[in-house]
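Visitor: Next one to model:
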Amino acid sequence: MPKHIGIVGVTSEGAALCYRTICQEGEAQHGYAHPEVTLHNLSLADYMRSIEAEDWPAVGRLLLESAAKLARIGAEFAICPDNTAHQGLNLIRQQSPIPWLHIAEEIAALAKQRGYTKVGVLGTRWLMEGPVYAAALAAQAIACEFPEPEVRKRISSLIMDELVFGRFAPATRQYFQQAIQVFASNGCQAVVLGCTEIPLLIQPQDSVLPTLDSTRTLARAALRAA
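Guide: I've put the predicted structure just below:
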């Protein structure tokens, strides 16, 4: 029997995309069958209090709380489609009652498989200014680039004020496209869509660079693991 997948949601739009990808692609591969999936989501407000304070141990404790509940109802491993929360996951992964797949590690493995040596990374400012992707990509000998500080700030605001609420405006898409164009001009070979909702805004045809979709990549990794 396939393993039971536990999804630890943070933002609803991203968690829904991850869940849909697991179910739809599982069904496409195996008829109507897909692995058992359970999603647990604490309030985003609980996470944001700790994220805005950059209290990553507290973020980790919230992830652990969800993991414990998922484990009690039978989930055999966990994933979190929220990239930013992985700063907390890095601190508690060894304490978890069930193992985790790591979103940045999955993206780094995919980038290596495709032969990339330098990629740009987009996400919230906490993600872009933190160690999650820099460390995972460096472990695969892949260089990474982030936008300039003012662009990071603007992208983060657009994510938190629009994307997490399911709003995807043409002007926002254009701003992200401009940031990707800068990556291309600086020699990046692909762009990591390192916020769970960015793949809902930027489709492959919207980008001058190949896209590395963190949400769907994690969902596909979960399917393989299950």
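Visitor: what does the helix or strand bottoming out on mean pLDDT in the chain contact?
Guide: The least trusted helix or strand in the chain, going by mean pLDDT, DSSP states H and E, turns out to be helix 12-30, with a mean of 90. Outside helix 12-30, the residues that touch it by CB atoms under 8 Å, 6 or more residues apart in numbering are 5, 7, 9, 33-35, 37, 39, 41, 44, 79, 81-82, 163-166, 195-197, 199-200, 215-216, 218-220, 222-223. For every residue, glycine as well, the C-beta is placed using N, CA and C.
Visitor: how about the helices in the protein?
Guide: 12-30, 44-52, 56-72, 86-92, 103-113, 125-128, 132-138, 149-161, 170-185, 198-201, 214-225 (DSSP state H).
Visitor: phi, psi of the most centrally placed residue in the chain?
Guide: With distances taken as CA atoms, centre = their mean, residue 83 lies nearest the centre of the chain, 3.8 Å away. Here is the backbone geometry of residue 83 (degrees, to the nearest 10): phi -70, psi -50.
Visitor: how close does it sit to residue 115?
Guide: 23 Å (CB to CB, to the nearest Å).
Visitor: Tabulate the CA atom coordinates of stretch 124-133 in PDB.
Guide: The C-alpha trace of stretch 124-133 is given here as PDB (Å, rounded to 0.1, in the frame of the first residue of the first chain):
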ATOM      1  CA  THR A 124       9.400  36.200   0.700                       C
ATOM      2  CA  ARG A 125      12.100  38.500   2.100                       C
ATOM      3  CA  TRP A 126      12.600  36.000   5.000                       C
ATOM      4  CA  LEU A 127      13.200  33.200   2.500                       C
ATOM      5  CA  MET A 128      15.500  35.300   0.200                       C
ATOM      6  CA  GLU A 129      17.500  36.600   3.100                       C
ATOM      7  CA  GLY A 130      17.700  33.300   5.000                       C
ATOM      8  CA  PRO A 131      19.800  30.100   4.600                       C
ATOM      9  CA  VAL A 132      17.200  27.700   3.300                       C
ATOM     10  CA  TYR A 133      18.000  27.800  -0.400                       C
END
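Visitor: Next, the buried residues of it.
Guide: 124, 125, 126, 127, 128, 130, 132, 133 (16 or more other CB atoms under 10 Å).
Visitor: hang on, the earlier thing: buried deepest among the helices of the chain, which one?
Guide: helix 125-128 (a mean of 23; mean count of other CB atoms under 10 Å).
Visitor: distance between that helix and the chain's centre?
Guide: Counting by CA atoms, centre = their mean, to the nearest Å, helix 125-128 is centred 12 Å from the centre of its parent chain.
Visitor: and residue 122, what is it in contact with?
Guide: Residue 122 touches 128, 147, 155, 176, 179, 180, 191, 192, 193, 194, 195, 198, counting by CB under 8 Å, 6+ apart.
Visitor: Give me the local confidence score for the residue nearest to the centre of the chain.
Guide: Listed pLDDT for residue 83 reads 96.
Visitor: And it, how close does it get to residue 26?
Guide: In terms of CB to CB, residue 83 sits 23 Å off from residue 26.
Visitor: any weak-confidence spans in the chain?
Guide: Filtered on pLDDT under 70, the chain yields no residues whatsoever.
Visitor: repeat that for 80
Guide: 30, 33 (pLDDT under 80).
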